[in-house]
Each structure stands twice: as structure tokens, then as C-alpha cells.
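1. Please find the sequence and the predicted model below.
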Amino acid sequence: MIKIDMNSPEFQARMEKTIKFTDKVCESRGWVYNPQEEVNEGVQMGLARNKMMYNKLFCPCFMVEEVDGKPQSVDNRICPCKPAIEKEIPESGACHCGIFCTPEFAAAKRIELGMEEAVHTHSRGLSKEECAQLVEQNELDGDELQALIEAREIGIVEFKLVDVREHMEWQMGHIKGADALVPTSSFFQTWDAAKLKKDENIILYCHVGSRSAHVARILADMGYSKIGNLTHGIVTYSGEIEK
């Protein structure tokens, strides 16, 4: 497992350069930052981490693999990535990671966040039958995962919750109740150490859901039959976060 000290002078210097880089990207392309500051910080720290690990600004929301002895991001996503420039931002208003937005998307997002804060309530008290059905789903939202964690605490459902982000992201904050950290940068080594069974329910999560979805496909090929994914990642989870 690769561990980067986010309090080290080296990382802090790299983080400062990364923020200047994302500032320049916004300015040059007429984009703005996401109104959710934790999204921007998470992406910037991931970019800084990848620059230190791979010497490239690989998008932190996608898995990096070794191809012909060289690190390569899935879809060759190097920030600002081609899919974001050509498709995601023009069509949806924001890049996949969510850091870069159009001014119109950001304005609408501010309204949406205000509404959610005013009206959002969390449904509690799932039955055992409801839990059994929910834990078998391939994709889960933040409320569904929170309900399952609450149900697990009182013993009516069993599953393992696995964080596939990097060690630094785990230190910044992880979902309370996560059973294992299996970073995608050292996936196969750390997955074996986690000793997870192929027939048990496993729920994966990352920052915005891309890396965990990729890991879910790998695990399916490896014979794991009960894999769930937190669709939009930890940024959409409203439950308790541990640091």
C-alpha cells in the first residue's frame, strides 16, 4: 500500500501547485468550481497525489493501471481530460469528478443543495426482508448504504464495506463502519490481505463511484458474485464519517 503523508512539505507544495493549476483551468475555459467545497478539495488532493505517485495529473476518480510497464489511467484521463472537455461539461454541465462546472450548473447546484438541506429526511427501520433485498443490489445510493449500515449494527444484515480509495483519502475521512481499505494503486496485493469471501455480500465505494465500479467489474471476473457499488461515492453519503 502506497502511503503519502498529506502533512509533509512535499505534498503541501504539490497541493499548492495543483490548486494553481485547477484555478488556471477554470479561468482559461470559462468554468467554475463546484459549490461543494469538499468535492473540489478531494479532487485537488487526488490530482496532487497522482502527480507524486505517477508524475502525471491522472484523474483521481479513475483507476490507474500498469500497461507495458507504464502507469496509464482508464480512458487515458489526464486532467482536464478529453471526455470532460468534449462531452461531459458541454452536455451535463460538469465533469465526471464534479470539480469543473459551467456557471449555470453551479448556480442550479446551489439551489438544489439548499433544497436538500431543507427537506431531506432519512428513512430508518428497514425490515430484515427489505435489507436482504437491498444488500443484493448492484448499485446503491448514499441513503440506502446508510440504512444498511444501521441495520448491520443491530444484526439484521451482513455485508463487508470496502473503501477502494487511496490511503491519504482514507485518512481525510472514511465511512464509519468500513471494514477494509483496498487502494486501487495496490489492488491485488491488498485485496488478498483483506480475505473476503467470494460468496459474501461486499459493498465498494470510492470518491464519486468510478474506481469502485471498475473494481466491481474486476471482482466479477474473479468470481465474486455479490458485489454492490455506492453509485456516486462518498461525496453523496450523509452518514457518519471517521477521520
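-> Ah, there it is. Numbers count the residues shown, from 1 in each chain.
2. what's the longest helix in the chain?
-> Longest helix in the chain by number of residues (criterion: DSSP state H): helix 9-29.
3. Send over it as CSV, restricted to the C-alpha atoms.
-> Output of helix 9-29 as CSV, limited to C-alpha atoms (Å, rounded to 0.1, in the frame of the first residue of the first chain):
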residue,chain,number,x,y,z
PRO,A,9,6.2,19.7,3.0
GLU,A,10,6.5,17.8,-0.3
PHE,A,11,2.8,17.2,-0.5
GLN,A,12,1.8,20.6,0.6
ALA,A,13,4.0,22.2,-2.1
ARG,A,14,2.5,19.9,-4.7
MET,A,15,-1.0,20.7,-3.4
GLU,A,16,-0.3,24.4,-3.8
LYS,A,17,0.8,23.9,-7.4
THR,A,18,-2.3,21.8,-8.1
ILE,A,19,-4.7,24.4,-6.8
LYS,A,20,-3.0,27.0,-9.1
PHE,A,21,-3.4,24.5,-11.9
THR,A,22,-7.1,24.0,-11.4
ASP,A,23,-7.6,27.8,-10.9
LYS,A,24,-5.9,28.2,-14.3
VAL,A,25,-8.1,25.5,-16.0
CYS,A,26,-11.3,27.3,-14.7
GLU,A,27,-10.1,30.7,-15.9
SER,A,28,-8.9,29.6,-19.3
ARG,A,29,-12.1,27.6,-20.2
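4. Distance from it to the middle of the chain?
-> 20 Å (CA atoms, centre = their mean, to the nearest Å).
5. Can you list the neighbours in contact with the very next helix or strand once past it?
-> Next along the chain after helix 9-29, taking DSSP states H and E as the criterion, comes strand 32-33. With contact meaning CB atoms under 8 Å, 6 or more residues apart in numbering, strand 32-33 is reached by 22, 26, 40, 99-103, 106. (Glycine included, C-beta is placed from N, CA and C.)
6. now swap in stretch 128-142 and tell me
-> Residues external to stretch 128-142 that are found in contact with it (CB under 8 Å, 6+ apart): 126, 144, 147-148, 151, 156-157, 159, 201, 203, 216, 226-232, 236-239.
7. Sort out which of the residues you listed are in helices and list them.
-> Mapping the contacts of stretch 128-142 onto helices (DSSP H) picks out 144, 147-148, 151, 216.
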